[in-house]
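Participant: Sharing a sequence plus its predicted fold:
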Amino acid sequence: MEKRYHERNLMDFFTSFASEEICEQYLIKVRFPDGMPCLKCGKKDFYPRLKDRRAYQCKACKFFNRPVAGTIFHRTHTPLLEWFVAIFLVAFDKRGLSALLLSEELGLNCITARAMLSRMRRGMEKRDAAYKLRGCAEIDEMFIGASTEGGKRGRGTEKTPVLVAVSYVPVKGKEEVAGFAKLLVVDEVNEEAVLKYRFNRRHRRAELFDRLLRACWNRRKLHILR
């Protein structure tokens, strides 16, 4: 299976996306691998890009096509290069990037930074809902939140319990690699919560091997409903 996503460090990123034009062409390539079609007539022959806006006029029907239409960049005056840098910073910050910090890093006002973060989060939420766990998946627990002085660790902690399911995809000639992950906030980590997770998610053709179940509930295997 070919990897669709490639890791990039900071230097790789700025080498790959050095200008506004490069960012726009990359967006078009990702959205339309076979070439951008006209939304009105379907033709793929356009006049050169307009200088004052992100639009390409179709030579056949004269319709103006905008490659950012229908994306989180739609109707925004913020340069795509700044958007790309913002996405990179959000993806690499494990703590959760605030609007104030993003505004300071990019030299934007806080209102613009907050609007960008809101769009990115809505986009990630919408995309996450479309992901399906394939092959085999494993469920484990994690606890999120600030530690309390003298508090317990692991189960019994005051932190918020979260179930995490990660799929494993077989690769020809190699060991299986991690695929997508799903998270679910629960009130308590127990068999009922795991079964509820299973029935709510309905991941087709997936089989859940849960370390929690193996340890506590007689090594039970969970099979997702088809």
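Facilitator: Yes, it's here.
Participant: who's in contact with Y47?
Facilitator: Counting by CB atoms under 8 Å, 6 or more residues apart in numbering, Y47 touches Y56, Q57, C58, K59. Backbone N, C-alpha and C define where each C-beta goes, glycine included.
Participant: what's the spacing between the closest residue to E105 other than its chain neighbours and E175?
Facilitator: Nearest non-adjacent residue to E105, counting by CB to CB, 6 or more residues apart in numbering: L89, 6.2 Å away. Separation of L89 from E175 (CB to CB, to the nearest Å) stands at 32 Å.
Participant: More neighbours: these two, which one.
Facilitator: Ranked by neighbour count (other CB atoms under 10 Å), L89 and E175 place L89 first, with 16 against 7.
Participant: tell me the mean pLDDT over the helix or strand harbouring that one?
Facilitator: For L89, the element it lies in under DSSP states H and E is helix 80-92. Here helix 80-92 scores 92 as its mean pLDDT.
Participant: Quick one: name whatever helix or strand follows it.
Facilitator: That would be, after helix 80-92 and using DSSP H and E, helix 99-106.
Participant: Report the backbone C-alpha coordinates of that following helix in PDB.
Facilitator: Output of helix 99-106 as PDB, limited to C-alpha atoms (Å, rounded to 0.1, in the frame of the first residue of the first chain):
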ATOM      1  CA  ALA A  99      -5.300  31.800  18.800                       C
ATOM      2  CA  LEU A 100      -3.000  34.200  20.700                       C
ATOM      3  CA  LEU A 101       0.100  32.200  20.000                       C
ATOM      4  CA  LEU A 102      -0.800  31.600  16.300                       C
ATOM      5  CA  SER A 103      -1.400  35.400  15.900                       C
ATOM      6  CA  GLU A 104       2.100  36.100  17.400                       C
ATOM      7  CA  GLU A 105       3.800  33.500  15.200                       C
ATOM      8  CA  LEU A 106       2.200  34.700  11.900                       C
END
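Participant: pLDDT at F32, what is it?
Facilitator: Here, the pLDDT recorded for F32 equals 94.
Participant: can you pull the contacts of it?
Facilitator: P67.
Participant: residues making contact with the longest helix belonging to the chain?
Facilitator: The residue-count maximum for a helix in the chain (DSSP state H) belongs to helix 110-130. Contacts of helix 110-130 with the rest of the structure, by CB under 8 Å, 6+ apart, involve 71-72, 76, 78, 83, 86-87, 90, 97, 99-100, 102-103, 106, 108, 182.
Participant: Helices of this structure, residue ranges please.
Facilitator: Secondary structure of the chain (DSSP H): helices at 10-16, 20-31, 80-92, 99-106, 110-130, 191-201, 211-216.
Participant: tell me the most buried of these?
Facilitator: helix 80-92 (a mean of 18; mean count of other CB atoms under 10 Å).
Participant: separation between the residue nearest the centre of the chain and I72?
Facilitator: Geometric centre of the chain, nearest residue: M124, 4.7 Å, by CA atoms, centre = their mean. M124 sits 9 Å away from I72, going by CB to CB.
Participant: swap in E20?
Facilitator: With the distance defined as CB to CB, E20 ends up 17 Å from I72.
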